[in-house]
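[1] show me the folded form of this:
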Amino acid sequence: MEDYGLLAILVFLIFLLTVGLIITKKVEFVRALPAFGIVTAILAGTPITGSEYSIADYVIAKGATTLAEPMFIYILSVMLAIFIVEFKLDESINHLCLKYLQNNLKGILWVVAILTIIVSSIITNFSSIILIAIIFMPILLKIGFNKQGSVVLLLLSNAIGSCLNSGYHILYANLLSWNIDKVKDFYYIMAVVGVIALVFYIFLNSKYVKDIESIDYEQKNIKVNWQGLCTIFIPFIAVFGFKLNIETGLILALSYGFLAMGSKQPFMDMLELLKVSIYKSTRVIILLSSVGIFMHAVKTPEVVDLMAPLLLHLMPKSPTQCLLFFTILSPLVLYKGPFNLQGMGAGLSAVIISSTSMNPMVLGMALLSLNNLRKMMDPLDVQNIALMQYVDVDTNLVIKKILPYALSINYIMLFYALVAVV
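    Below is the predicted model:
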């Protein structure tokens, strides 16, 4: 790891080329990403078989199944979404929102944002944003928000909630070998900056909300199914009240739902719904498998040893250089790049922080800031894959719309990192 060579530069250039092909839609990332990961592992000297970190076992076999839990959560979430539509619970939700906020439909944006922040501050996985999308996406579209505008609202709100989530505090404190209080303090400040960005976003985009007169809404013709609506609250009660995992909460919700709606064969109906949901989730399952293979490939010791010297050579030596470096190269957090703590950066971050001459606190804060950028913008992030596929929206349109808000938060937090430490 003393010198970086042409091979490391070649791998980095191949990564940029791969990302370029994905962005321009010349090739689907479901093919490009795992291919790049496996090729990188081979070039770095990772053994094909016969090792704990071999390509056959660690990269392909374990990588393809490493995101099995998110796959299962997504399938259960799709089951709930289909259940809500099938029993017309979405109409009840729309009716309640329009009934109580008909004089101020813009208030629906604030309600959705606040609920997203609360839920994502407690649930430490992507199910928080998916559940909110399932429940409120129909009403957001009904009042005039398009798909990408609605997704950006959810992503900004979810990023704020994640900054307040104690699970993420513990995760990144362990990853960076920091005192958890330092992580909390930094994330709380980032949450405040995120709230400011969210307020700006809602004020600038609330003009797209329609008036009640232009919405097809007849209050007297809709009967609210309160018994069925209880199904929606069960996952949250299970997680918040009984500390169960979200998978159990979703299964309990569906079990109650079929019984409450008078199903004569609830078990068979759930199996039938599961079959349909697996079919509808096939693309997401394949996408997550591809991401898992890539993640395992770039975390092999051989790839870390290959790429770390190059990044160490590029690391800034002064606070000013640090600000410029992470500002200009912040896109490298996207597509599981070198600054992504859940991508190539998962294996490289600890090496870089411990080896560089730059203040490790500044670098750690920069990586935390970039990690928040990743949650909002990375098309290969688990929550973003699930959300974009569920809503069926063009990822590039979402990135374009959220870009100024996400980058503003990142730049402010990078500047804070320099001022706070220096």
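[2] got the buried residues for stretch 293-313?
    293-300, 302-304, 306-312 (16 or more other CB atoms under 10 Å). Heads up, the C-betas are built off the backbone N, CA and C, glycines and all.
[3] wait, I meant stretch 95-108
    For stretch 95-108, a neighbour-count test (16+ other CB under 10 Å) marks 95, 97, 98, 101, 105, 108 as buried.
[4] list just the nearest of those residues to residue 227.
    Using CB to CB, residue 95 comes nearest to residue 227 of the buried residues of stretch 95-108, at 15.2 Å.
[5] how much space between that closest one and residue 88?
    Using CB to CB, to the nearest Å, we find residue 95 at a distance of 10 Å from residue 88.
[6] re the thing from before, got the buried residues of stretch 95-108 as JSON lines, with pLDDT, distance to residue 172 and secondary structure columns?
    As requested, these are exported to JSON lines (pLDDT from 0 to 100; distance: CB to CB, whole Å; DSSP: H, G, I helix; E, B strand; the rest coil):
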{"residue": "95", "pLDDT": "80", "distance to residue 172": "41", "secondary structure": "helix"}
{"residue": "97", "pLDDT": "81", "distance to residue 172": "36", "secondary structure": "helix"}
{"residue": "98", "pLDDT": "78", "distance to residue 172": "40", "secondary structure": "helix"}
{"residue": "101", "pLDDT": "76", "distance to residue 172": "37", "secondary structure": "coil"}
{"residue": "105", "pLDDT": "81", "distance to residue 172": "38", "secondary structure": "coil"}
{"residue": "108", "pLDDT": "88", "distance to residue 172": "33", "secondary structure": "helix"}
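[7] out of those, who's nearest residue 28?
    Ranked by distance to residue 28 (CB to CB), these are led by residue 108 at 35.2 Å.
[8] I'd say that closest one and residue 143 touch.
    Yes. Counting by CB atoms under 8 Å, residue 143 is a contact partner of residue 108 at 6.0 Å.
[9] quickly list what's touching both of those two.
    residue 209 (CB atoms under 8 Å, 6 or more residues apart in numbering).
[10] can you tell me the centre-most residue of this structure?
    The chain has residue 383 as the residue nearest its centroid, 3.2 Å off, counting by CA atoms, centre = their mean.
[11] now that residue. Nearest residue, chain neighbours left out?
    residue 126 (3.3 Å; CB to CB, 6 or more residues apart in numbering).
[12] shaky segments in the stretch 251-400 of the chain?
    Across the stretch 251-400 of the chain, the ranges flagged by pLDDT under 70 are 341-343, 345-360.
[13] how about 50 then?
    Of all residues in the stretch 251-400 of the chain, none has pLDDT under 50.
[14] where do the helices of it begin and end?
    266-280, 282-298, 301-314, 319-328, 345-355, 360-377, 382-391, 395-421 (DSSP state H, counting those that start in this stretch).
[15] will you turn the ones you listed into TSV that also has distance to residue 249?
    Rendered in TSV, the data for the helices of the stretch 251-400 of the chain read as follows (distance: least, CB to CB, whole Å):
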stretch	distance to residue 249
helix 266-280	15
helix 282-298	20
helix 301-314	37
helix 319-328	38
helix 345-355	28
helix 360-377	22
helix 382-391	17
helix 395-421	27
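[16] how about the ones you listed, which one is nearest residue 147?
    Smallest distance to residue 147 across the helices of the stretch 251-400 of the chain (CB to CB): 5.4 Å, for helix 382-391.
[17] check which residues of stretch 138-149 are buried.
    Neighbour-count burial for stretch 138-149, with 16+ other CB under 10 Å as criterion, is recorded at 138, 139, 140, 142, 143, 144, 145, 147, 148, 149.
[18] same list, those residues, but as a markdown table with pLDDT please.
    What follows is the buried residues of stretch 138-149, written out as a markdown table (pLDDT from 0 to 100):
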| residue | pLDDT |
| --- | --- |
| 138 | 87 |
| 139 | 87 |
| 140 | 88 |
| 142 | 84 |
| 143 | 85 |
| 144 | 83 |
| 145 | 86 |
| 147 | 90 |
| 148 | 91 |
| 149 | 91 |
